[in-house]
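1. sequence? don't have it. structure:
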(Lines give C-alpha, C1' and ligand atoms only; values in the text may rest on other atoms or scores of the structure.)
Protein backbone atom coordinates (compact mmCIF):
# COMPACT_ATOMS: atom_id res chain seq x y z
CA UNK A 1 0.00 0.00 0.00
CA UNK A 2 1.87 3.09 -1.19
CA UNK A 3 2.00 6.45 0.55
CA UNK A 4 0.81 9.99 -0.13
CA UNK A 5 1.51 12.65 -2.79
CA UNK A 6 1.38 12.62 -6.58
CA UNK A 7 2.20 9.27 -8.18
CA UNK A 8 3.07 7.94 -11.65
CA UNK A 9 0.77 5.45 -13.36
CA UNK A 10 0.06 2.13 -11.62
CA UNK A 11 2.15 -0.01 -13.99
CA UNK A 12 5.11 2.34 -13.69
CA UNK A 13 5.00 2.58 -9.90
CA UNK A 14 4.62 -1.21 -9.63
CA UNK A 15 7.63 -1.75 -11.92
CA UNK A 16 9.85 0.58 -9.90
CA UNK A 17 8.68 -0.96 -6.60
CA UNK A 18 9.26 -4.51 -7.82
CA UNK A 19 12.85 -3.67 -8.76
CA UNK A 20 13.47 -2.83 -5.10
CA UNK A 21 11.11 -5.35 -3.51
CA UNK A 22 8.82 -8.04 -4.87
CA UNK A 23 5.31 -6.75 -4.19
CA UNK A 24 1.71 -6.88 -5.24
CA UNK A 25 0.65 -3.24 -5.26
CA UNK A 26 -2.69 -1.96 -3.92
CA UNK A 27 -2.80 1.18 -6.05
CA UNK A 28 -4.74 4.37 -5.40
CA UNK A 29 -2.38 6.89 -7.01
CA UNK A 30 -4.99 7.82 -9.60
CA UNK A 31 -7.36 8.93 -6.84
CA UNK A 32 -4.68 11.00 -5.12
CA UNK A 33 -3.54 12.52 -8.40
CA UNK A 34 -7.07 13.63 -9.23
CA UNK A 35 -7.48 15.18 -5.78
CA UNK A 36 -4.19 17.09 -5.81
CA UNK A 37 -4.34 18.22 -9.44
CA UNK A 38 -7.88 19.53 -8.90
CA UNK A 39 -6.50 21.56 -5.98
CA UNK A 40 -3.94 23.20 -8.28
CA UNK A 41 -1.03 20.79 -8.02
CA UNK A 42 1.38 20.19 -10.89
CA UNK A 43 2.87 16.83 -11.83
CA UNK A 44 5.47 15.89 -14.42
CA UNK A 45 5.17 12.10 -14.47
CA UNK A 46 8.10 11.58 -16.84
CA UNK A 47 10.44 13.57 -14.62
CA UNK A 48 9.18 11.87 -11.46
CA UNK A 49 9.68 8.40 -12.95
CA UNK A 50 13.17 9.31 -14.12
CA UNK A 51 14.15 10.63 -10.70
CA UNK A 52 12.72 7.55 -8.95
CA UNK A 53 14.77 5.31 -11.25
CA UNK A 54 17.90 7.38 -10.66
CA UNK A 55 17.40 7.10 -6.90
CA UNK A 56 16.94 3.34 -7.18
CA UNK A 57 20.01 2.99 -9.41
CA UNK A 58 22.16 4.78 -6.83
CA UNK A 59 20.74 2.68 -4.00
CA UNK A 60 21.47 -0.55 -5.85
CA UNK A 61 25.17 0.39 -5.91
CA UNK A 62 25.44 0.58 -2.12
CA UNK A 63 27.32 -2.35 -0.57
CA UNK A 64 25.01 -4.42 1.61
CA UNK A 65 24.58 -3.32 5.21
CA UNK A 66 27.77 -1.31 5.74
CA UNK A 67 26.66 1.26 3.20
CA UNK A 68 23.43 1.99 5.07
CA UNK A 69 24.96 3.42 8.25
CA UNK A 70 25.05 6.86 9.79
CA UNK A 71 28.41 7.86 8.26
CA UNK A 72 27.12 7.39 4.73
CA UNK A 73 23.81 9.03 5.63
CA UNK A 74 25.53 12.12 7.05
CA UNK A 75 27.26 12.65 3.69
CA UNK A 76 24.05 12.85 1.66
CA UNK A 77 23.38 16.18 -0.06
CA UNK A 78 20.78 18.33 1.63
CA UNK A 79 20.52 16.11 4.71
CA UNK A 80 18.66 17.95 7.47
CA UNK A 81 16.88 17.19 10.71
CA UNK A 82 14.91 20.46 10.59
CA UNK A 83 11.60 19.06 9.34
CA UNK A 84 11.50 16.33 11.96
CA UNK A 85 12.47 18.81 14.71
CA UNK A 86 9.71 21.18 13.59
CA UNK A 87 7.19 18.31 13.62
CA UNK A 88 8.26 17.39 17.16
CA UNK A 89 7.71 21.01 18.20
CA UNK A 90 4.60 22.01 16.25
CA UNK A 91 2.47 18.85 16.46
CA UNK A 92 1.91 18.95 20.25
CA UNK A 93 1.71 22.75 20.26
CA UNK A 94 -0.90 23.10 17.50
CA UNK A 95 -2.67 19.91 18.54
CA UNK A 96 -3.19 21.38 21.98
CA UNK A 97 -5.07 24.36 20.57
CA UNK A 98 -7.10 22.46 18.00
CA UNK A 99 -5.01 23.35 14.93
CA UNK A 100 -3.53 19.94 14.17
CA UNK A 101 -5.71 19.40 11.09
CA UNK A 102 -4.80 22.88 9.84
CA UNK A 103 -1.12 21.93 10.03
CA UNK A 104 -1.77 18.56 8.39
CA UNK A 105 -3.64 20.21 5.51
CA UNK A 106 -0.80 22.68 5.00
CA UNK A 107 1.80 19.89 4.84
CA UNK A 108 -0.21 17.12 3.17
CA UNK A 109 -3.51 17.96 1.49
CA UNK A 110 -4.26 14.35 0.50
CA UNK A 111 -3.52 12.90 3.95
CA UNK A 112 -5.69 15.57 5.56
CA UNK A 113 -8.53 14.72 3.17
CA UNK A 114 -8.14 11.06 4.04
CA UNK A 115 -8.30 11.76 7.78
CA UNK A 116 -11.11 14.28 7.51
CA UNK A 117 -13.76 11.57 7.84
CA UNK A 118 -16.21 13.18 5.42
CA UNK A 119 -14.33 12.40 2.25
CA UNK A 120 -15.46 10.17 -0.60
CA UNK A 121 -11.74 9.98 -1.40
CA UNK A 122 -11.08 8.09 1.84
CA UNK A 123 -13.87 5.59 1.17
CA UNK A 124 -12.54 4.93 -2.34
CA UNK A 125 -8.96 4.44 -1.11
CA UNK A 126 -10.04 1.93 1.54
CA UNK A 127 -12.09 0.03 -1.01
CA UNK A 128 -9.01 -0.44 -3.23
CA UNK A 129 -7.18 -2.23 -0.42
CA UNK A 130 -10.19 -4.00 1.06
CA UNK A 131 -11.07 -5.66 -2.24
CA UNK A 132 -7.56 -6.96 -2.81
CA UNK A 133 -7.04 -8.07 0.77
CA UNK A 134 -10.34 -9.93 1.10
CA UNK A 135 -9.61 -11.74 -2.17
CA UNK A 136 -6.35 -13.01 -0.67
CA UNK A 137 -8.07 -13.95 2.59
CA UNK A 138 -10.74 -15.85 0.65
CA UNK A 139 -7.94 -17.93 -0.91
CA UNK A 140 -6.39 -18.61 2.52
CA UNK A 141 -3.12 -17.05 1.40
CA UNK A 142 -0.24 -16.46 3.79
CA UNK A 143 -0.18 -12.66 3.83
CA UNK A 144 2.41 -10.00 4.66
CA UNK A 145 1.30 -6.40 4.20
CA UNK A 146 4.00 -3.81 3.51
CA UNK A 147 2.72 -0.25 3.85
CA UNK A 148 4.45 3.11 3.57
CA UNK A 149 3.45 6.51 4.96
CA UNK A 150 -0.24 7.26 4.43
CA UNK A 151 -0.69 3.67 3.29
CA UNK A 152 -0.12 2.64 6.92
CA UNK A 153 -3.21 4.59 7.98
CA UNK A 154 -5.25 3.00 5.19
CA UNK A 155 -4.17 -0.51 6.21
CA UNK A 156 -5.02 0.19 9.87
CA UNK A 157 -8.51 1.31 8.87
CA UNK A 158 -9.18 -1.69 6.65
CA UNK A 159 -7.84 -4.16 9.20
CA UNK A 160 -10.02 -2.52 11.86
CA UNK A 161 -13.07 -2.77 9.60
CA UNK A 162 -12.43 -6.46 8.97
CA UNK A 163 -12.08 -6.96 12.73
CA UNK A 164 -15.04 -4.94 14.01
CA UNK A 165 -17.37 -3.62 11.32
CA UNK A 166 -20.41 -5.96 11.17
CA UNK A 167 -20.43 -5.57 7.39
CA UNK A 168 -17.11 -7.47 7.24
CA UNK A 169 -16.32 -8.98 10.63
CA UNK A 170 -18.74 -11.90 10.40
CA UNK A 171 -16.80 -13.22 7.41
CA UNK A 172 -13.28 -11.96 8.12
CA UNK A 173 -13.09 -11.26 11.85
CA UNK A 174 -11.22 -14.50 12.60
CA UNK A 175 -8.77 -14.28 9.67
CA UNK A 176 -5.18 -13.29 10.44
CA UNK A 177 -2.44 -11.33 8.68
CA UNK A 178 0.88 -13.08 9.32
CA UNK A 179 3.02 -9.94 9.13
CA UNK A 180 2.39 -6.22 8.95
CA UNK A 181 5.51 -4.28 8.02
CA UNK A 182 5.10 -0.50 8.38
CA UNK A 183 7.60 1.95 6.87
CA UNK A 184 7.61 5.62 7.83
CA UNK A 185 4.39 5.11 9.79
CA UNK A 186 2.54 8.15 11.17
CA UNK A 187 0.73 6.07 13.82
CA UNK A 188 2.98 7.21 16.66
CA UNK A 189 1.15 10.54 16.47
CA UNK A 190 -1.91 10.37 18.73
CA UNK A 191 -3.69 12.99 16.61
CA UNK A 192 -3.50 10.59 13.65
CA UNK A 193 -4.67 7.59 15.69
CA UNK A 194 -7.70 9.53 16.96
CA UNK A 195 -8.87 10.06 13.38
CA UNK A 196 -8.53 6.45 12.29
CA UNK A 197 -11.07 3.64 12.62
CA UNK A 198 -11.48 2.80 16.30
CA UNK A 199 -10.02 6.11 17.43
CA UNK A 200 -13.10 6.99 19.47
CA UNK A 201 -13.80 3.47 20.71
CA UNK A 202 -12.91 2.11 24.14
CA UNK A 203 -11.12 -1.03 25.25
CA UNK A 204 -10.09 -3.59 22.67
CA UNK A 205 -12.51 -2.14 20.14
CA UNK A 206 -9.87 0.53 19.49
CA UNK A 207 -7.53 -1.94 17.76
CA UNK A 208 -7.46 -4.31 14.80
CA UNK A 209 -7.45 -7.89 16.07
CA UNK A 210 -6.18 -9.67 12.94
CA UNK A 211 -2.40 -9.09 13.04
CA UNK A 212 0.01 -11.77 14.25
CA UNK A 213 3.36 -9.92 14.02
CA UNK A 214 3.94 -6.19 13.47
CA UNK A 215 7.35 -4.79 12.53
CA UNK A 216 7.76 -1.02 12.31
CA UNK A 217 10.71 0.57 10.50
CA UNK A 218 11.37 4.31 10.85
CA UNK A 219 14.11 6.37 9.22
CA UNK A 220 16.16 9.05 10.92
CA UNK A 221 14.87 12.55 9.99
CA UNK A 222 11.65 11.20 8.42
CA UNK A 223 9.18 13.76 9.79
CA UNK A 224 6.19 11.63 8.72
CA UNK A 225 7.12 9.27 11.56
CA UNK A 226 8.50 11.91 13.93
CA UNK A 227 7.34 9.67 16.79
CA UNK A 228 9.32 6.62 15.70
CA UNK A 229 8.22 3.96 18.16
CA UNK A 230 4.86 2.17 18.13
CA UNK A 231 5.45 -0.52 20.74
CA UNK A 232 5.06 2.03 23.55
CA UNK A 233 1.86 3.50 22.09
CA UNK A 234 0.29 0.14 21.21
CA UNK A 235 1.63 -1.98 24.05
CA UNK A 236 -1.91 -2.80 25.18
CA UNK A 237 -2.35 -4.87 22.01
CA UNK A 238 0.38 -7.19 23.28
CA UNK A 239 -0.77 -7.15 26.90
CA UNK A 240 -4.27 -8.14 25.81
CA UNK A 241 -2.83 -10.75 23.41
CA UNK A 242 -4.41 -9.44 20.25
CA UNK A 243 -1.00 -9.21 18.55
CA UNK A 244 2.06 -11.37 19.18
CA UNK A 245 4.67 -8.64 18.82
CA UNK A 246 5.13 -4.98 17.90
CA UNK A 247 8.82 -4.41 17.16
CA UNK A 248 10.43 -1.07 16.27
CA UNK A 249 13.57 -0.51 14.20
CA UNK A 250 15.40 2.70 13.31
CA UNK A 251 17.27 2.93 10.01
CA UNK A 252 19.05 5.49 7.81
CA UNK A 253 17.26 5.96 4.49
CA UNK A 254 19.95 6.66 1.89
CA UNK A 255 17.61 7.77 -0.92
CA UNK A 256 18.37 11.00 -2.77
CA UNK A 257 15.48 12.57 -4.69
CA UNK A 258 16.00 15.59 -6.95
CA UNK A 259 19.54 16.02 -5.60
CA UNK A 260 18.59 16.08 -1.91
CA UNK A 261 18.32 13.55 0.89
CA UNK A 262 14.75 12.22 1.18
CA UNK A 263 14.46 10.08 4.33
CA UNK A 264 10.79 9.28 3.60
CA UNK A 265 11.44 7.86 0.11
CA UNK A 266 9.69 4.54 -0.43
CA UNK A 267 12.47 2.99 -2.53
CA UNK A 268 14.98 3.89 0.18
CA UNK A 269 12.86 2.00 2.68
CA UNK A 270 12.10 -0.95 0.38
CA UNK A 271 15.73 -1.65 -0.52
CA UNK A 272 17.13 -1.31 3.01
CA UNK A 273 18.75 -4.49 4.40
CA UNK A 274 16.60 -4.36 7.55
CA UNK A 275 13.42 -4.50 5.49
CA UNK A 276 14.85 -7.31 3.36
CA UNK A 277 15.77 -9.26 6.50
CA UNK A 278 12.27 -8.95 8.00
CA UNK A 279 10.65 -10.16 4.79
CA UNK A 280 13.16 -12.95 4.13
CA UNK A 281 12.69 -14.26 7.67
CA UNK A 282 8.92 -14.26 7.14
CA UNK A 283 9.16 -16.02 3.79
CA UNK A 284 11.44 -18.70 5.23
CA UNK A 285 9.04 -19.57 8.09
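-> Nice, thanks for sending it over. It should be emphasised that the depicted structure is a prediction, and the values quoted were computed from it without experimental measurement.

2. My understanding was that residue 60 contacts residue 271; is that so?
-> Yes - using CB atoms under 8 Å, residue 60 is in contact with residue 271, at 7.2 Å. Glycine gets a C-beta too; all of them are placed from N, C-alpha and C.

3. who has more neighbours, these two?
-> residue 271 (22 against 11; other CB atoms under 10 Å).

4. Settle this for me: the more buried one is touching residue 61, isn't it.
-> No - assessed by CB under 8 Å, residue 271 is found out of contact with residue 61, at 10.8 Å.

5. shared neighbours of those two, anything?
-> Counting by CB atoms under 8 Å, 6 or more residues apart in numbering, no residue touches both residue 271 and residue 61.

6. pretty sure residue 149 is touching residue 265, no?
-> No - counting by CB under 8 Å, residue 149 stays clear of residue 265, with 10.0 Å between them.

7. Look at residue 282 and tell me its secondary structure.
-> Judged by DSSP: H, G, I helix; E, B strand; the rest coil, the three-state class of residue 282 is helix.

8. Give the burial count for the nearest residue to it once chain neighbours are set aside, as a bare number.
-> Distances taken as CB to CB, 6 or more residues apart in numbering place residue 179 nearest to residue 282, at 4.8 Å, with adjacent residues excluded. Number of residues near residue 179 (other CB under 10 Å) recorded here: 20.

9. Any idea how far the one helix or strand residue 179 maps to is from the middle of the chain?
-> For residue 179, the host element (DSSP states H and E) is strand 177-183. Distance, stretch centre to chain centre, for strand 177-183: 10 Å (CA atoms, centre = their mean, to the nearest Å).

10. How about residues contacting it?
-> With contact meaning CB under 8 Å, 6+ apart, strand 177-183 is reached by 142-149, 152, 155, 159, 210-218, 230, 266, 269-270, 275, 278-279, 282, 285.

11. Tell me which of these fall in helices.
-> Members of the contacts of strand 177-183 lying in helices (criterion: DSSP state H): 152, 155, 159, 266, 269-270, 275, 278-279, 282.

12. Going through those, which ones are buried?
-> 152, 155, 159, 266, 269-270, 275, 278-279 (16 or more other CB atoms under 10 Å).

13. on that earlier part again, of the ones in helices among the contacts of strand 177-183, closest to residue 222?
-> Comparing these against residue 222 with CB to CB places residue 269 closest, at 8.8 Å.

14. buried sites along the strand holding residue 179?
-> For strand 177-183, using 16+ other CB under 10 Å, the buried residues are 177, 179-183.

15. now swap in stretch 112-130 and tell me
-> In stretch 112-130, residues buried by neighbour count (16+ other CB under 10 Å) are 112-115, 121-122, 125-126, 128-130.
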